[in-house]
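Undergrad: Predicted model and sequence below, questions to follow.
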Amino acid sequence: METTIQVKKDLKEKLNSLRLYPNESYDSVIRRLSELAEDEEPLSKDTIERIEMSLKDVKEGRVYTTEEVKKRLNIA
């Protein structure tokens, strides 16, 4: 089943710029982009927990700038 969608002019221009060849269909472009967006290997529960802990550290100011780390490690 085919359907028609409406996209704004700037998005249509972006889709045109993403074509691999001049006559590539919008369906093909959108399908290719949607496949790129899918993560074949989802994050593990442990990884998600570590990311959440890291975000909490950032929000609570428990971070160091690159310059602070260099100074602490005596790196020029």
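TA: Right, received. Where do you want to start?

Undergrad: Residues contacting the lengthiest helix in the chain, please?
TA: Criterion DSSP state H: the longest helix present in the chain is helix 45-59. Outside helix 45-59, the residues that touch it by CB atoms under 8 Å, 6 or more residues apart in numbering are 43, 63. For glycine as for every other residue, the C-beta is placed from the backbone atoms N, C-alpha and C.

Undergrad: Heading C-terminal from that helix, find the next helix or strand.
TA: helix 66-72 (DSSP states H and E).

Undergrad: Test for you: state the pLDDT assigned to Glu24.
TA: Listed pLDDT for Glu24 reads 97.

Undergrad: Leu15 reaches Ser28, doesn't it?
TA: No. Applying CB atoms under 8 Å, one finds Leu15 not in contact with Ser28, separated by 10.2 Å.

Undergrad: Spatially central residue in this protein, please.
TA: Centrality entry for the chain: nearest residue to the mean C-alpha point is Ala37, 8.0 Å, by CA atoms, centre = their mean.

Undergrad: quick one, domains of this structure?
TA: Domain segmentation of the chain under automatic domain parsing yields 1-38, 41-76.

Undergrad: can you pull the buried residues of the longest one?
TA: When burial is assessed from 16 or more other CB atoms under 10 Å, domain 1-38 yields the following buried residues: Val29.

Undergrad: tell me how far the ends of it are from each other?
TA: Using CA to CA, to the nearest Å, the end-to-end distance of domain 1-38 comes out at 23 Å.

Undergrad: same thing with the last one?
TA: Across its full length, domain 41-76 reaches 39 Å between end residues, using CA to CA.

Undergrad: And Gln6, how close does it get to Asn16?
TA: Gln6 is 16 Å from Asn16, where distance means CB to CB, to the nearest Å.
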